[in-house]
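Colleague: Here you go, sequence then predicted model.
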Amino acid sequence: MANLYGYVTNSKTGLPIYGAYVAITDPYYVSLTSADGYYIIEGLESGVYWMDVYKAHYHSSYQAVSIGADDKMLNIALIPETSPFPWIPVAVIGAGVAVMLILLGQKRIAA
């Protein structure tokens, strides 16, 4: 069994990203980054996993990760959203009343 660990940072500033979700699928493992951007997922068997790294206001990172018998360090730099307003407004009209719903728009970028 091996561990996958590393740091999640802002690609523009190099600063750590606190509270990013780092997930491995099939089977599902998840870790949250600490204040210094550090994450660790322990006890992975050898194989290829899909890794998804997500934090609001950043583009997600989705990539295949190959795990062997030894621990693996993998640092991820997330790209900040380019728009200062990543919200998508949607107007809904019912009974003559306009209601504004705000939905968060997320994008994925394959690393």
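Modeller: Perfect, I can see it now. None of the values given here were measured: they were computed from a predicted structure. Numbers count the residues shown, from 1 in each chain.

Colleague: Any regions of this structure where pLDDT drops low?
Modeller: 83-111 (pLDDT under 70).

Colleague: What are the neighbouring residues in contact with the spatially most central residue of it?
Modeller: For the chain, the residue sitting closest to the mean C-alpha position, by C-alpha atoms, centre = their mean, is residue 54 at 1.5 Å. Residue 54 makes contact with 20-21, 23, 60, 106, according to C-beta atoms under 8 Å, 6 or more residues apart in numbering. For the C-beta atoms, the positions are set from N, CA and C on the backbone; glycine is no exception.

Colleague: neighbour-wise, which of those leads?
Modeller: Tallying neighbours with other C-beta atoms under 10 Å puts residue 20 at the head of the contacts of residue 54, with 24 neighbours.

Colleague: count of residues packed around residue 55?
Modeller: If you count neighbours by other C-beta under 10 Å, residue 55 ends up with 20.

Colleague: was I right about it contacting residue 78?
Modeller: Yes. Between residue 55 and residue 78 there is a contact under C-beta atoms under 8 Å: 6.1 Å.

Colleague: got the contacts of residue 54 as TSV, with secondary structure columns?
Modeller: TSV is the format used below for these (DSSP: H, G, I helix; E, B strand; the rest coil):
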residue	secondary structure
20	coil
21	strand
23	strand
60	strand
106	coil
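
Colleague: now, which of the residues you listed sits nearest residue 36?
Modeller: Set against residue 36, the nearest of these by C-beta to C-beta is residue 20 (11.8 Å).

Colleague: Now do the contacts for residue 75.
Modeller: 6-9.
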